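*Asks:* Fold the following.
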Amino acid sequence: MLSLALSYPLSMASSIKVAPAPWKLKGRSWIFLVSALSSTSSFPAGWSSAYQADALSSGGEFIGGLGLIQIVSYAESPVGPYDELIYVPGRWKYSDGTKAFRITQIYVSTEESTLNGRKNWNIPKQIANFDIKTGSDGTTDISVTQPNASSPFFKASIKSIPILSSISVPSNTSILGSYYKLMQPPLPAGENPEDVATHQWASLIPTLSGSTTFRKLVPGLDGKVGDGAGFPAIVPWSFGFGMENVTLGFGIPTAYDTV
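*Replies:* Residues are numbered from 1 along each chain as shown. Below is the predicted model:
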């Protein structure tokens with residue numbers, strides 16, 4: 001692979017704030033694993049937006065393995081507070097032997113996060129409306145809806161687990177080393193000003209650190225978390241992780257012309 005610095009035009013056709021990498025963000029996060037896909041499995045419906053599917057399935061060899069769903073509510077970021085929903089189907093293998101995860105479906109609540117996530121790291125972000133509410137019993141209800149839609153395409157409740165959720169453990173993904181690596185392909189432009197195209201591959205290892213507790217996920221759409229269109233109609237492992245006061249780091253990526 002040829003390692004380069006990512007470069008983009010300085011002029012933008014919109015007034016959306018541009019915030020180059022690196023980023024440091026703070027908030028709270030929930031992570032739930034998804035049962036492994038095999039290397040010959042078809043991706044579930046809703047694994048990617050239609051206009052980005054060709055790009056996000058290209059390059060490298062899908063080798064499957066565990067996937068994940070992550071929800072993040074950022075209180076601080078270089079572009080202000082925002083919410084985020086992520087689907088990762090598994091890992092890919094590349095010509096030099098590198099193995100890395102790939103985000104294929106991701107929604108955020110602001111256009112600033114969308115533009116910069118795409119521009120900085122090839123993260124295929126799209127806008128959605130988030131409703132995240134935490135009740136007095138510790139249950140967090142999450143609903144995500146397409147703009148101008150009335151029904152959510154993602155819905156779930158995250159609940160406390162007796163005794164286990166009272167145990168808080170310091171955690172840091174840096175102990176996973178390169179296992180947590182992302183490799184994201186170049187993206188096509190979408191219909192909105194924030195849906196910018198990119199032209200090189202981008203690789204980075206995000207970092208998460210914070211206080212982790214165990215949580216239970218209850219799907220909210222006929223026993224699934226997604227509707228099979230905007231998000232995969234899958235059932236993640238019910239036992240997952242909640243991170244409070246989490247700090248996330250998205251550094252300057254390594255860029256590649258080809259993989």
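*Asks:* Distance across stretch 146-163, terminal residue to terminal residue?
*Replies:* With CA to CA, to the nearest Å as the measure, stretch 146-163 spans 36 Å from end to end.
*Asks:* Oops, could you answer that again for stretch 44-58 instead?
*Replies:* Terminal residues of stretch 44-58 lie 16 Å apart, using CA to CA.
*Asks:* distance between that stretch and the chain's centre?
*Replies:* What separates the centre of stretch 44-58 from the centre of its chain is 14 Å, taken as CA atoms, centre = their mean, to the nearest Å.
*Asks:* quick one: the strands in the stretch 151-259 of the chain?
*Replies:* Using DSSP state E, counting those that start in this stretch, the strands of the stretch 151-259 of the chain run over 154-160, 169-172, 182-184, 201-204, 207-219, 239-250, 254-256.
*Asks:* and the angle for the longest one with strand 154-160?
*Replies:* Spelled out, it's strand 207-219. 100 degrees (axes from the mean of the first three to the mean of the last three CA atoms, to 10 degrees).
*Asks:* Restricting to C-alpha, output stretch 235-247 in PDB.
*Replies:* Extracted in PDB, the C-alpha atoms of stretch 235-247 (Å, rounded to 0.1, in the frame of the first residue of the first chain):
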ATOM      1  CA  VAL A 235     -30.800  -9.200  17.300                       C
ATOM      2  CA  PRO A 236     -27.500  -8.300  19.000                       C
ATOM      3  CA  TRP A 237     -26.300 -10.100  22.000                       C
ATOM      4  CA  SER A 238     -28.500  -9.000  24.900                       C
ATOM      5  CA  PHE A 239     -25.500  -8.600  27.200                       C
ATOM      6  CA  GLY A 240     -23.400  -5.600  26.400                       C
ATOM      7  CA  PHE A 241     -21.500  -2.700  27.800                       C
ATOM      8  CA  GLY A 242     -22.200   0.900  28.800                       C
ATOM      9  CA  MET A 243     -19.500   3.500  29.200                       C
ATOM     10  CA  GLU A 244     -20.000   6.600  31.200                       C
ATOM     11  CA  ASN A 245     -17.700   9.600  31.100                       C
ATOM     12  CA  VAL A 246     -16.100   8.100  28.000                       C
ATOM     13  CA  THR A 247     -13.300   9.800  26.100                       C
END
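*Asks:* tell me the phi and psi of G223?
*Replies:* Main-chain dihedrals, G223, degrees, to the nearest 10: phi 80, psi 0.
*Asks:* just checking, it touches A233?
*Replies:* No - the pair G223 and A233 does not pass the contact test of CB atoms under 8 Å, sitting 9.0 Å apart. Placement of C-beta: from N, CA and C, glycine included.
*Asks:* between these two, who's got more neighbours?
*Replies:* A233 (18 against 9; other CB atoms under 10 Å).
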